[in-house]
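Undergrad: Have a look; sequence and predicted model below, questions after that.
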Amino acid sequence: MTDEENKIIKYIMLTQIKGLGPITQNALLDLFGSVEECFEAGCEDIMRADISNIIGRKRTISFVEQRDEVSIRNRSEQVLKDAESSGIRIVVREDADFPKRFKNLTDMPILLYVKGNLKINGYRESAGIVGSRRCSQEGKIRAIDIALEAVKNDIAIISGMAKGIDSYAHTAAIKSEGYTIAVLGNGADICYPKEHDKLYSAIAEQGCIVSEYPPGTQPRQYYFPKRNRIIAALSDSLYVIDAGRNSGTESTVEYARRYGKLVLM
């Protein structure tokens, strides 16, 4: 196994340790400087007071107790194999093409599972386009028009590949030969909804599919609000179309505002 593979496996292991979310994972990487040092540092260094104060004693203990578990290592090695067999690349926090828009956002994932070409850092601007699955004809036209105008101005299109507004935005970007990213609430190897199989393939070919979840992860309702924070983080501006009250889009708007993004309703 190469040094690069070992590094990626350690990143995966951090995401597999129970009790550690993205905020704690990022904090550990910041504290130790590298993923290798997270696993090589002595227990006494990890348990010292200042680390416990930053990530909490309970999480610190969880990390110390689990970081050397063989089962977590084996599971992480299998995740890497599954990704490779599915044509999925794992992009980690220290890689050059890891999104720069994640910088200083402590709740971002420390790795992404990517199918396609992750080149968001090459775009000066990005526009998130989200909204109702059961949108109006006017909403559909607006989503398409915004996407076409954005592509014309070399702006990347970000959405979630859901029915309705998301799919119209992605499709318009693809047809006009623009760049688009679909952020999924399931593994990057799974097309959801299933009827978007052609769109999924087109996005993977011309843009990229992104997920924080390992290959094989089935869609779950509670994954989608978490997915929405990534859409918000990747978008410099967020267009919200035909979104009703209490819709899933509300969480995307909340994250966008928290991250200081421009929200256009």
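TA: Sure, I can see it.
Undergrad: and the residue lying closest to residue 28 once chain neighbours are set aside, what does it touch?
TA: Spatial nearest neighbour of residue 28, chain neighbours left out: residue 38 (5.3 Å); criterion: CB to CB, 6 or more residues apart in numbering. Any C-beta I mention is one placed from the backbone N, CA and C, and that applies to glycine too. Residue 38 sits next to 10, 14, 28-29, 32, 67 when contact means CB atoms under 8 Å, 6 or more residues apart in numbering.
Undergrad: Just the buried ones from these, in ChimeraX syntax?
TA: To isolate the buried subset of the contacts of residue 38 in ChimeraX, counting by 16 or more other CB atoms under 10 Å, use the following:
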select :10,14,28,29,32,67
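Undergrad: I'd like the contacts of residue 38 laid out as TSV, including distance to residue 195, pLDDT and secondary structure.
TA: Output for the contacts of residue 38, formatted as TSV (distance: CB to CB, whole Å; pLDDT from 0 to 100; DSSP: H, G, I helix; E, B strand; the rest coil):
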residue	distance to residue 195	pLDDT	secondary structure
10	38	97	helix
14	35	97	helix
28	40	91	helix
29	39	94	helix
32	45	90	helix
67	42	92	coil
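Undergrad: Using JSON lines, please lay out the contacts of residue 38 together with distance to residue 92.
TA: Shown next, in JSON lines, are the contacts of residue 38 (distance: CB to CB, whole Å):
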{"residue": "10", "distance to residue 92": "9"}
{"residue": "14", "distance to residue 92": "10"}
{"residue": "28", "distance to residue 92": "14"}
{"residue": "29", "distance to residue 92": "10"}
{"residue": "32", "distance to residue 92": "15"}
{"residue": "67", "distance to residue 92": "17"}
